[in-house]
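[1] Need a 3D model of the following:
(chains A and B)
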Amino acid sequence: MSKAVLIIDDSKTMRKIITRTLRQAGLSFDTISEAEDGQAALDFLGQNKPNLILCDINMPNMDGITFLKEKAKDASIKDIPVVMITTEGGSDDVVQEAKDNGASASIKKPFTADQVEEVLKPLL
Amino acid sequence: MQSIEQIDLSQIVVQATTEIYDTMIMAEIQSGEPLPNPLSDFNRYVSGIVGLAGLCQGMLAIHAPEKVAMGITNDFLGMEVDSVDDDVKDAISELANMVGGSIKPALSPNGKDIQLSLPSVFHGDYTVKYFTQAYWVIVPFTISSGQFFVELQLRRNE
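    From the prediction side, this is the model:
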């Protein structure tokens, strides 16, 4: 079965780093798609249903928490697991807020390929 | 919780910056001695700046000469860039964002007392003004393409 992942981050640099790290972690996705904010991701999800979503928290236009809330309203996508990527070192409240709004897990930057593999494998 | 006076700002800057380079970029980086005086006038530089607010106020900045900024981008993206384009600005602002996020736990144990702004980026010739009565440190780092600086300015929010 083919696997697809959607990376949501306003930074092109971070989207490229995540893509590279997924490969280093040995996680083979047939399709890696990108969106630069929550709204762009919702637009993408209107037509596509990836197996997994990796999402930044702090983004202009629509941030990660708002994206989670909007995604939860759409029955066709609400069950796609979301892993939050955060720079908010030590900010347990932000991570908890994401989990309260449906995030499956979180990964804090900077991250290693091993850490990414450990978090993502159970969700695939 | 420690007061700002008790925190070794250069140590947390070195730790955060080298950890990011080691884990996410996997390229050689060497920290140097903190500078005795601030840098304020930049010529043909790229700076990425994130603001800190909450328990303390300040900023975390990456200052890189154009050539080094392009080198950082090469390290990040694994592709050659030969001018300061949007990719370079994005890479420098993302580095500032990550270093800013990584220093938060050292300044506030649970991180919730300090908020980070979205990063801003500047390119060209410009002057950076300093907070009065602020604690500050600026640390040089050497990578294969040259030297860049990481600056942290903090003052208590009273």
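[2] What score does B:Met26 have for pLDDT?
    Per-residue pLDDT puts B:Met26 at 79.
[3] Helix, strand or coil: sort out residue 10 for me.
    Went with chain A since none was named. Under DSSP: H, G, I helix; E, B strand; the rest coil, A:Asp10 falls in the coil class.
[4] go on, B:Gln57?
    B:Gln57, by the three-state scheme (three-state DSSP), is strand.
[5] okay, now the closest residue to chain B within chain A: neighbour count?
    Residue of chain A nearest chain B, by C-beta to the nearest C-beta: A:Thr87 (2.9 Å). Where C-beta positions appear, they are placed from N, C-alpha and C, glycine not excepted. If you count neighbours by other C-beta atoms under 10 Å in any protein chain shown, A:Thr87 ends up with 24.
[6] May I ask you to confirm that it is in contact with B:Ala96?
    No. Contact criterion C-beta atoms under 8 Å: A:Thr87 and B:Ala96 do not qualify, at 10.1 Å.
[7] For chain A, which segments count as helices?
    Remark: helices assigned in chain A by DSSP state H are A:12-24, A:38-45, A:64-72, A:92-100, A:113-120.
[8] Likewise for chain B?
    So, for chain B - with DSSP H - the helices run B:9-20, B:66-77, B:86-107.
[9] Pick the most deeply packed of these.
    Across the helices of chain B, averaging neighbours per residue (mean count of other C-beta atoms under 10 Å in any protein chain shown) puts helix B:86-107 on top, at a mean of 25.
[10] and that one, average pLDDT?
    Average pLDDT, helix B:86-107: 91.
[11] Can you list the helices and strands that that helix packs against?
    helix A:12-24, helix B:9-20, strand B:41-54, strand B:56-65, helix B:66-77, strand B:114-116, strand B:120-127, strand B:146-156 (3 or more C-beta pairs under 8 Å, 6 or more residues apart in numbering or on different chains; DSSP states H and E).
[12] Contact partners for the residue of chain A closest to chain B?
    A:Ile57, A:Asn58, A:Lys108, A:Lys109, B:Asn97, B:Met98, B:Gly100, B:Gly101, B:Ser102, B:Leu116 (C-beta atoms under 8 Å, 6 or more residues apart in numbering or on different chains).
[13] any bit of the lowest-mean-pLDDT helix or strand in chain B sitting next to chain A?
    Averaged element by element with mean pLDDT, DSSP states H and E, chain B has its least confident helix or strand at strand B:114-116 (a mean of 85). Yes. Using C-beta under 8 Å from any C-beta of the partner chain, strand B:114-116 reaches chain A at B:Leu116.
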